[in-house]
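Student: below is the sequence, then the predicted model.
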Amino acid sequence: MRELSLNVMDIAQNSVRANASVIKIDVTEDTDKSTLEIKISDNGCGMSEEQVKSVIDPFFTTRTTRKVGLGIPLFKMAAEQTGGFLSIESQLGNGTVVTAKFISSHMDMTPLGDINSTISILIRCNPDTNIVFTHTVNEQSFTLDTNELKEVLGDVPLDTPEVMQWIDDYLKEQTEILYGGAL
Amino acid sequence: MKSLAELQAIRDKAKAQLNMRQDNPDAIRVLVGMATCGIAAGARPVLNAFTEEIAKRNLTNVTVTQTGCIGICQFEPVVEIEVPGEDKVTYVKMTPEKVAKVVNDHIVNKNVVTEYTIGANS
C-alpha cells in the first residue's frame, strides 16, 4: 500500500464485514515524539482468541473467494518496519480493536496519505454505519461523528451529493486547522 | 467555516428532491471492488472519480457503492455496473481516466464500453 490511509480503508472493510454498527477511527500524531497511532475499533461480531492469533498469518482468511488475507499482515508490516507494532484485541460478540503504532521519523515510514478520502468513502458506502473519526495532531483534535450529522439531517441520507460535499469540505477545513493552515 | 446550520440548509433543500432518490427501482448501481486487492491496485481514486463524474452530471438515479473481492484480483480495480433489466457488466483494470467514458457511454447513453470489459481483457 502506498499510503497508510489505504490500509485504514482495508481494515475498516473487515469491520463492515463483521456487521459493525459503529466504526471508530482514531488517528493520533505526536510530532515531538515522532509517533503516529492509528486505532480502528468496531462493535462487530469479533473474533475468537484462536482467530486473533491466526489473523496475522497472510494465508488465513474467512473469505471464500480467495485463499489469502493480506489486510492485517500488510498493516502490521508497515508498522513494524518503522520500529512500531500492531496489536489486536477482540472478543466474540463484542467487537475488535486494531491498533498500529508507527515511528514517523523512520526512513521506512509510509505516509499517512489522504485519510479524509478514506473517511469520506467509508461514510458514502456505509451510510447506515455510524463512523466516528477523530484526528489529533499534538494537543489539537477534531471529531466527525456521522450520528451527530444524522440527527441534523433527519431522513435526508448521508450519501446525498450536497451532504457529502459538506463532509469533504468539513474534513479538509478541520485538517488544515490541525496542520496550522497548510496541507 | 463549515457549520451544522449550513448542513440544516442542505437538508431542507435536499428534502424537496428526496422522493426522487429514495427506493428508485430503476436506479443504476456502480459497485467498486474495495478489498485489499482492489485498494492496493487503485480502487479509491476510481470510486472518487465515479462519484465526482456522477455529481457533475447531476445523475440522481445512480448509486456508487463498494463491494468485496470477487476473486479476480489480477484484474483489479474491478467495477461492476448493474442497469436494471440488463446483464451486469464487469469493467477491469479501471483508472480514474477511464471513468468519464464509462459514465458517458454506458450509464448515460447505454452503450457498454466493450474495450474496458473483462471479456476484452482476459
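Tutor: Sure thing, it's come through.

Student: check contacts around the closest residue to residue A:160 other than its chain neighbours.
Tutor: Spatial nearest neighbour of residue A:160, excluding adjacent residues (C-beta to C-beta, 6 or more residues apart in numbering or on different chains): residue B:14 at 4.9 Å. Using the backbone N, CA and C atoms, a C-beta is placed for each residue, glycine as well. By C-beta atoms under 8 Å, 6 or more residues apart in numbering or on different chains, the contact list for residue B:14 reads A:156, A:160, A:162-163.

Student: am I right that residue B:14 is in a strand?
Tutor: No - with DSSP: H, G, I helix; E, B strand; the rest coil as the criterion, residue B:14 is assigned helix and is not in a strand.

Student: contacts only, for residue B:101.
Tutor: By C-beta under 8 Å, 6+ apart, the neighbours of residue B:101 are B:113, B:116.

Student: and it, what element?
Tutor: helix B:96-101 (DSSP states H and E).

Student: among the contacts of residue B:14, which are in helices?
Tutor: Among the contacts of residue B:14, DSSP state H puts A:162-163 in helices.

Student: burial count for residue 104?
Tutor: Just going to use chain A. 18 (other C-beta atoms under 10 Å in any protein chain shown).

Student: chain B was what I was after
Tutor: Residue B:104 has 14 nearby residues by other C-beta under 10 Å.

Student: quick check: pLDDT value at it.
Tutor: Residue B:104 carries a pLDDT score of 96 in this model.

Student: same deal with residue A:61?
Tutor: So, for residue A:61, pLDDT stands at 64.

Student: gap between residue A:97 and residue A:176?
Tutor: 29 Å (C-beta to C-beta, to the nearest Å).

Student: now neighbour count and pLDDT too, for the contacts of residue B:14, in a markdown table please.
Tutor: Formatted as a markdown table, the contacts of residue B:14 follow (neighbours: other C-beta atoms under 10 Å in any protein chain shown; pLDDT from 0 to 100):
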| residue | neighbour count | pLDDT |
| --- | --- | --- |
| A:156 | 22 | 89 |
| A:160 | 21 | 85 |
| A:162 | 16 | 87 |
| A:163 | 22 | 91 |
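
Student: state the next helix or strand along the chain beyond the lowest-mean-pLDDT helix or strand in chain A.
Tutor: Scoring the helices and strands of chain A by mean pLDDT, DSSP states H and E places helix A:49-54 at the bottom, with a mean of 83. Later in the chain than helix A:49-54, the nearest helix or strand by DSSP H and E is helix A:71-80.

Student: just the CA trace of that following helix, in PDB.
Tutor: C-alpha atoms of helix A:71-80 as PDB (Å, rounded to 0.1, in the frame of the first residue of the first chain):
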ATOM      1  CA  GLY A  71      -5.100  -6.800   5.100                       C
ATOM      2  CA  ILE A  72      -3.800  -7.200   8.700                       C
ATOM      3  CA  PRO A  73      -0.300  -8.600   7.600                       C
ATOM      4  CA  LEU A  74       0.300  -5.600   5.400                       C
ATOM      5  CA  PHE A  75      -0.700  -3.100   8.100                       C
ATOM      6  CA  LYS A  76       1.500  -5.000  10.600                       C
ATOM      7  CA  MET A  77       4.400  -4.900   8.300                       C
ATOM      8  CA  ALA A  78       4.000  -1.200   7.700                       C
ATOM      9  CA  ALA A  79       4.100  -0.600  11.400                       C
ATOM     10  CA  GLU A  80       6.900  -2.900  12.300                       C
END
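
Student: okay, buried residues for that helix please.
Tutor: Using 16 or more other C-beta atoms under 10 Å in any protein chain shown as the test for burial, helix A:71-80 gives A:71-79.

Student: can you give me the helices in chain B?
Tutor: Going by DSSP H, chain B shows helices at B:4-21, B:36-41, B:43-56, B:96-101, B:118-121.

Student: wait, which of these is closest to residue B:111?
Tutor: Closest approach to residue B:111 among those (C-beta to C-beta): helix B:96-101, 10.2 Å.

Student: buried stuff in the closest one?
Tutor: B:96, B:98-99.

Student: for residue B:108, grab the count of nearby residues.
Tutor: 15.

Student: got the contact list for it?
Tutor: B:57, B:59.

Student: now it: how far from residue B:61?
Tutor: Counting by C-beta to C-beta, the gap between residue B:108 and residue B:61 amounts to 11 Å.

Student: what's the answer for residue A:159, then?
Tutor: Going from residue A:159 to residue B:61 by C-beta to C-beta gives 14 Å.

Student: do residue A:113 as well
Tutor: Shown here: residue A:113 relative to residue B:61, a distance of 33 Å by C-beta to C-beta.

Student: coming back round to it: quick check: the farthest pair among the buried residues of helix A:71-80?
Tutor: Among these, the pair separated by the greatest distance (C-beta to C-beta) is A:71 and A:79, at 13.1 Å.

Student: higher neighbour count, residue A:159 and residue B:61?
Tutor: When residue A:159 and residue B:61 are compared on other C-beta under 10 Å, the one with more neighbours turns out to be residue A:159, at 18 against 13.
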